[in-house]
Every structure is written in C-alpha cells, then in structure tokens.
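Trainee: Quick one, fold the following:
(one chain, ligands or ions: 1)
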Amino acid sequence: MFPNNFYWGASSSAFQIEGAWNEDGKGLTVADYNSFKKSNKQADTKVASDFYHRYKEDIQLMKELGLKMYRFSISWARIFPEGDGKVNEKGIDFYNDVIDELIANNIEPFITLYHFDLPFSLVEKYNGWTSYKTTEAFVNYAETCYKAFGDRVKKWQINNEQNLMVRVNERMNIYDAQGEEAERLRVIMDHQMFLAYAKSSKLCKQLVEGGSVGPSISATVTYPATNKPEDVMSAIWNNRLKTDYCIDTHVNGAYPNYYLEYLKETNRMPNISEEDVVSLSESVVDFITVNYYRTLTSRHLPVDANHFKGEKIEGFNIVDYNMYGYWEILKNENLKESEYGAQIDPSGLRIALNDYWNKYKKPLIITENGLGTVDNLVDDKVHDGYRIDYIKSHLLAIEDAIRDGVDVFGYNVWSIIDILSSHQGFKKRYGLVYIDRTDFDEKDLRRIPKDSYYWYQDVIKSNGQNL
Ligand code: BG6
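Mentor: Next up is the predicted model:
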C-alpha cells in the first residue's frame, strides 16, 4: 500500500530536455561542450526536447497524467552565464514561469540545482571543481535560487549523483590527466563538491521557509559473486567507494574512516583544512534521493606484480570500473539486461531502500528510475509494454520496501518525456511521452503519449492499487 500523500512524479534535467542552449543569455556548459563534440554521431543539447519553448504544453501533459511532483534541474549557466558574476534575469524569468505553471496545475516543483552541467566559464577561469572559487560560485548561485524561487519551491536537491558524476572524466572536465593524476584530481573535485553541498544545504534551511534539502545518489547494490569471504568483502568495497562514502559524508558531516584509510593507502588524500572539517560538519540532510537503474556483482581482484592496490581499470563500463586489491565487476547471469547493458533488477531497489533507511534513518524518495531503450512509433502510437513491465516491477519492489517498514515518500519516473540520453543521444529513449525527432532529424518535435503514459495515469489515479 502506498501512503495517501505519496508523491507520484516524473523527472528530467535541464541539458537533456531544454534545448535553447544559447538563448536569452544562457552560457555554455560542460554538458553542452561534451555533447557538441559528439554532434556528428548523435543529437546534442542545442534543441534536445525543446522544453524551453514548449514547457506549457509539456506541463499540460503532466497535469493530464495526474503528476503530483515534477523533479527537474535548473541550468546554472542560465542564471549565471559565466558561472559567477552577473545574474541573467531572463534565466530567472524562465524558471519562474515554469514553477508558476506547475503550481497552477497542482504539481509540486522539486528542484535539482546542478545536474552534470557546470558553466564552462568556470572551467576556463578556475579549472572547475579543483578550485574553492567554484564552490563559492555554486553557493552564490544556490543562494540566488533560494531567494528567487524559495517562496514557492520547498524541496531542493543540491546536485545530481555526485558519486557517479565524479567518476566520469568528461563531466568533471578531466581531459588530459591520466592515471593517478586523474584520480587525485577527482578526489579534490569531490571534496569541493562536498563543501558546496554542506554550505548550500545549510543555506537552504536559512533562506527557504519550510524548505527541505537532500543529496541525490546513484544507488550501487553489489552482490558477491560467491560466498568466499574475499568476494563478500569486494562487494562491500564496491558499494562503499562508489556510493556509501558519499551518503555517509553528507549525513554524518565527515568522511567515514574506511574512506580516509583508503585515500591514505592509495596516496589520494586531498588537502582538508580545519575550516573544511567545520563546513562539512554543518551539512544538512532532510531526505535522501535515490536514482536507481541496476545492480552489480563482484569478486575480489587481487594485486599482482604488475598492478598496485587501488589501480583502476575499466570494467563493465566507465562508471562501473574495477579496482585492484578491491573488486572486479562480473555479469550476473540471473538477471536480464536492457538493450544497453543495464542489468534489470527490481529486487535490488528493495535492498537499496532497506539498506539506506536502516543506516541513515532519513526519508527516501526515488528521483530517477526508468528504462532506456529504442521505441518505435507506429500509426502515431508507441506500444512500450516493456517499459510498463520495468516500472511496474520497480513499483512493486518499493511497495515491498514500504511493507518492510522503510519510509519512502515518492517515486519519479525517469523521464517525463523523451530526453537526450546523458551520453547516447536520442535513440535511447526513457520518456512516458514520445518526442517525434531522431538523432539527426528534428522533425516536428511533436509530443505523443506512449502506452506507459496511460498506464502510469491509471496507477496514479488509483494511488498504486492498479499496478
Ligand atoms: C542518471 C542521470 O545517472 O542516468 C541521468 O542522472 C541519465 O541524467 C540517466 O539520463 C540514464 O543514463 P543515460 O546515460 O542512459 O542517459
């Protein structure tokens, strides 16, 4: 049984949905920069789903769907085209219009301040998150948003998946550094993002009356490949170093010991000043937001004469890397894979929710969950039964978690309409609504609700009873 006030929602992010990449004063972002590099292979951020020009139509679709919540991100470079400095009032106007339109249609806005799209100017000026100046710029940007929108927006997510973002070189603008140099940079950037989280979460409580704030994490649930103790430990380490260290730091306001020991052992410890320690301790977590797509399986990967402890090598993919002395990721033969290689595992969501609730005792909300796949438009319809199956099985797992006693207060499908996949263009679709465009033909960008849209509408109407 879902609680009566359960937030039935859907999600998106600015660079994946808005388009209008340089309109009305918006500056270039790291997400734009990286997507333009791939423009000859797939769609880029220039038009995306054209939400910037069609948000009214899209919000009408959300209303008809019955959404209670819409989780979306603000493009930092629309508000501060240079990352810091002068505010772009047209950016503020755009998000004011979106927020007002949502509220007029009884949909609660849930804002992410930063979803993979650092203003590129901060890379040029300060080398991005390597510098405290970027942290200051972020806190100033957060303050501007709280003051501009906080009278109407009460739920805030500081950034999207810090724990995953930091693993991807292009999102962190690590272009030339390799090996240990890249690893040390990554830890420094992560540290600045932790400071940015701590400072801006504290500010949220001061500036937004009745506001609540939380981190977003990309959930890692790892199964040991065998019952050998070293394989069990490898799964624990994979969870710790890819996800848990991040929530632990936000919730406890300090790096956990296992993480500090790992940083020491691998010679990757960043500078942590006494002032930083105080700032981290002031971090506020009212809830934890969970993005969930898949689980992993691991076994121990021993060091040998040619490899040192902590040495990273690509595993399944860039984010699911292997690390000598810790773990190696394997395929789980018990699970089916999506067309794009994600191991589909609704039970893993129940496990993650139980784990986070028992460890942190903070209310949980799913801010992303969905199936990225190719859809076919036939006679103006998309029969995406496979997406219905995916969402349904994950909702059943959430219901189980609620029955286990976990406090889950909402679920947001990724994504409300088809969006630009974060690294695989427009062919890989997630939406409940089809956008009539392809990677290379913008066509008419018409909105066509898929079968999953009508199914979800019924689920919302029955508060989850018609699953
Ligand atoms: C999440 C991101 O990690 O994964 C989204 O927050 C992204 O931005 C989603 O779209 C799915 O990944 P992808 O690469 O298939 O778009």
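
Trainee: residues from this protein in reach of the ligand?
Mentor: Counting by Cβ under 6 Å from any ligand atom, the chain comes close to the ligand at 13, 16, 160-161, 164, 218, 291, 368, 372, 421-424, 428. Where C-beta positions appear, they are placed from N, C-alpha and C, glycine not excepted.

Trainee: repeat that with 5 Å
Mentor: 372, 421-423 (Cβ under 5 Å from any ligand atom).

Trainee: Tell me the one of the residues you listed nearest residue 391?
Mentor: Distance to residue 391 across the residues of the chain next to the ligand (Cβ to Cβ) is lowest for residue 372, with 12.6 Å.

Trainee: Identify the nearest residue to the closest one in space, disregarding sequence-adjacent positions?
Mentor: In space, and not counting its chain neighbours, residue 372 is closest to residue 428: 4.4 Å by Cβ to Cβ, 6 or more residues apart in numbering.

Trainee: Take the residues of the chain next to the ligand and write them to CSV, including secondary structure and neighbour count.
Mentor: Putting the residues of the chain next to the ligand into CSV (DSSP: H, G, I helix; E, B strand; the rest coil; neighbours: other Cβ atoms under 10 Å) gives the following:
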residue, secondary structure, neighbour count
372, coil, 22
421, strand, 18
422, coil, 22
423, coil, 16
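
Trainee: so what's the residue nearest to residue 372 up against?
Mentor: Residue 428 makes contact with 340, 372-374, 421, according to Cβ atoms under 8 Å, 6 or more residues apart in numbering.

Trainee: Sort those residues by pLDDT and name the bottom one.
Mentor: Lowest in pLDDT among those is residue 340, which has 88.

Trainee: can you count the residues close to the closest residue to residue 394 other than its chain neighbours?
Mentor: Spatial nearest neighbour of residue 394, chain neighbours left out: residue 346 (4.8 Å); criterion: Cβ to Cβ, 6+ apart. Residue 346: 20 surrounding residues under other Cβ atoms under 10 Å.

Trainee: Which phi and psi values does residue 346 adopt?
Mentor: phi -60, psi -40 (degrees, to the nearest 10).

Trainee: what residues are up against it?
Mentor: Per Cβ under 8 Å, 6+ apart, neighbours of residue 346: 393-394, 396-397.

Trainee: repeat that with 6 Å
Mentor: 393-394, 397 (Cβ atoms under 6 Å, 6 or more residues apart in numbering).

Trainee: re the thing from before, could you dump the residues of the chain next to the ligand into CSV and include distance to residue 147?
Mentor: Shown next, in CSV, are the residues of the chain next to the ligand (distance: Cβ to Cβ, whole Å):
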residue, distance to residue 147
372, 36
421, 33
422, 30
423, 34
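
Trainee: Would you tell me which strand is longest in this protein?
Mentor: strand 408-414 (DSSP state E).

Trainee: Partner strands of that strand and their direction?
Mentor: strand 7-11 (parallel), strand 364-368 (parallel) (DSSP bridges).

Trainee: ok, which stretches of the stretch 151-300 of the chain are strands?
Mentor: If DSSP state E, counting those that start in this stretch is used as the criterion, the strands of the stretch 151-300 of the chain fall at 155-157, 212-214, 216-218, 222-224, 288-291, 296-299.

Trainee: same check, this time on the stretch 351-467 of the chain
Mentor: 364-368, 408-414, 433-435, 447-449.

Trainee: Any idea which of these gets closest to residue 184?
Mentor: Comparing these by Cβ to Cβ, strand 364-368 comes nearest, at 29.6 Å.
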